[in-house]
Structures are given as C-alpha cells and as structure tokens.
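S.K.: next come a sequence and a model predicted from it.
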Amino acid sequence: MARKRVAVLISGGGSNLQALIDHAARPGSSVEITLAVSNEPAAFGLERARHANIAARVVDHRDFSDRAAFEAAIDDRLHARDIELVCLAGFMRILTPEFVLRWQDRLLNIHPSLLPAFRGLDTHARALAAGVRVHGCTVHLVRPELDDGPILVQGVVPVFANDDPTRLAGRVLEAEHLCYPAALEGLASGALTIAGGRVTGAGRRLILHPSLAEA
C-alpha cells in the first residue's frame, strides 16, 4: 500500500514535526512527510524539515489581506504536493470553517489537554488550578469549533504535588511526541476509521505515562 503524503503546518520550533519525521522514517510506516509549511519565516521547524530533505515553505499571514487569501495560498502549496493528510503542529493561526471543511477528516491537530477539558490556552496552569490528578494531550480531527472534533489518541500523564506549568508542560510534550505519530499512523493505515463522527478501529488510542502504566 502506498504511503500517505502528509504536510505539517507549524509556527515555531517544530518538536512535534520532528516526532512525525522520525516516525515516517521507520520501516513499515504508512506515512511520508513531504511538506512543512510555516506562517513564521524564522520558525526553527523549517530547518528540521530541510535537514530531513522535506520541502519547507513559508506562507506568511502578514502578506495577505485576509484569512481567505492566506488559506488559499496554503491550499495551493498542499495541492501542489498532492497532500492527503495535514497535521497542525503548533500552528498558531485559527483556520476558517471553509478551510476546515475542505479538509474534513484529513486535518489533524494536537492539543495539550485531555479534551474536552481545558479547551483554549494556558491549559497547564488551568489544570493545576483545578487540582486535577492527571493531565495530558489529545490528537483529534479538526472541526470548525475550537479544539473540537473526533478524538484519535490521548496521552495521560500524572500531575505531581510539586508541579508548576513549565514542569507539567514538559511531561505533556513527551506524551505529545508519542501520541501524534500513533494517531497519524492509525489514520493513514486504516487502523483508525471515522464512522458517524466517532473514531473506531483497532489502532492504539490511549498512551499512559510509565508511572501510570505501572500503577
């Protein structure tokens, strides 16, 4: 079976992009990362892509009069590379419903909380303020509503008594680097499928931090 052609949209350092690149390089992977697009010209993630011989393109949102024109330029890049799946990985622009619907069930995002809890920003500080015992990340299919859509994979990490947002964020990021490749692989291989707005299939859907797995 031919590998799925994947683009990753980024705005910053691209650590999740790197996790996806590393996964795609493994024997038997169902995906090929063929394009990285950033709205920020200085994003280090572009260097990660170039180092892996992946096409790296800049579509600076400041060069466009509105979101529709900006997204049309991104679409042009995606179609030029025959992209089949798109991953948002630290892409700090809100996409219009029109773009999301064009890529429905082919557009993935990762959010640093166990959705539907803590949608939006400052998830780690809010989780600590709420006194939760576990926190984590969610890879989901994108829908027009913010941080909404069918859940593909979730990663669960413990919250420790001495945590601050930075320490907790680091633990969650480690989970993200496991969950995003698992979700993309599951969707690309057919191990995860979408039916009636819900995710089904035999693919891995829950990843626990080692301390939780041992409990």
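M.R.: Thanks, I have it.

S.K.: quick check on the nearest residue to Val153 once chain neighbours are set aside: phi, psi?
M.R.: Once flanking residues are discounted, Val153 sits nearest to Ala183: 4.1 Å by Cβ to Cβ, 6 or more residues apart in numbering. In this view, the C-beta of every residue, glycine as well, is placed from N, C-alpha and C. Dihedral pair for Ala183: phi -70, psi -50, per degrees, to the nearest 10.

S.K.: ok, now the one 5 residues further on?
M.R.: As for Ala188, its main-chain torsions (degrees, to the nearest 10) stand at phi -70, psi -40.

S.K.: in the protein, which helix or strand is least confident?
M.R.: Lowest on mean pLDDT, DSSP states H and E among the helices and strands of the chain sits helix 210-213, with a mean of 85.

S.K.: what helices and strands are in contact with it?
M.R.: Judged by 3 or more Cβ pairs under 8 Å, 6 or more residues apart in numbering; DSSP states H and E, helix 210-213 is in contact with strand 151-158.

S.K.: off-centre distance for the strand it packs on?
M.R.: Offset of strand 151-158 from its chain centre (Cα atoms, centre = their mean, to the nearest Å): 12 Å.

S.K.: with stretch 154-170 instead?
M.R.: 19 Å.

S.K.: go through that stretch and flag the buried ones.
M.R.: Within stretch 154-170, the residues that count as buried by 16 or more other Cβ atoms under 10 Å are Gln154, Gly155, Val156, Val157, Pro158, Val159, Asp163, Leu168, Ala169.

S.K.: just give the closest residue to the third one, not the sequence neighbours.
M.R.: What that stands for is Val156. That would be Gly136: by Cβ to Cβ, 6+ apart, it lies 4.4 Å from Val156.

S.K.: just the CA trace of the helix or strand hosting that neighbour, in PDB.
M.R.: For Gly136, the element it lies in under DSSP states H and E is strand 134-141. The C-alpha trace of strand 134-141 is given here as PDB (Å, rounded to 0.1, in the frame of the first residue of the first chain):
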ATOM      1  CA  VAL A 134      -4.000  13.600  35.600                       C
ATOM      2  CA  HIS A 135      -3.400  15.800  32.600                       C
ATOM      3  CA  GLY A 136      -2.300  15.100  29.100                       C
ATOM      4  CA  CYS A 137      -2.800  15.700  25.400                       C
ATOM      5  CA  THR A 138      -5.300  14.900  22.700                       C
ATOM      6  CA  VAL A 139      -4.900  14.300  18.900                       C
ATOM      7  CA  HIS A 140      -8.100  14.900  17.200                       C
ATOM      8  CA  LEU A 141      -9.600  15.600  13.800                       C
END
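
S.K.: thanks a lot, catch you later.
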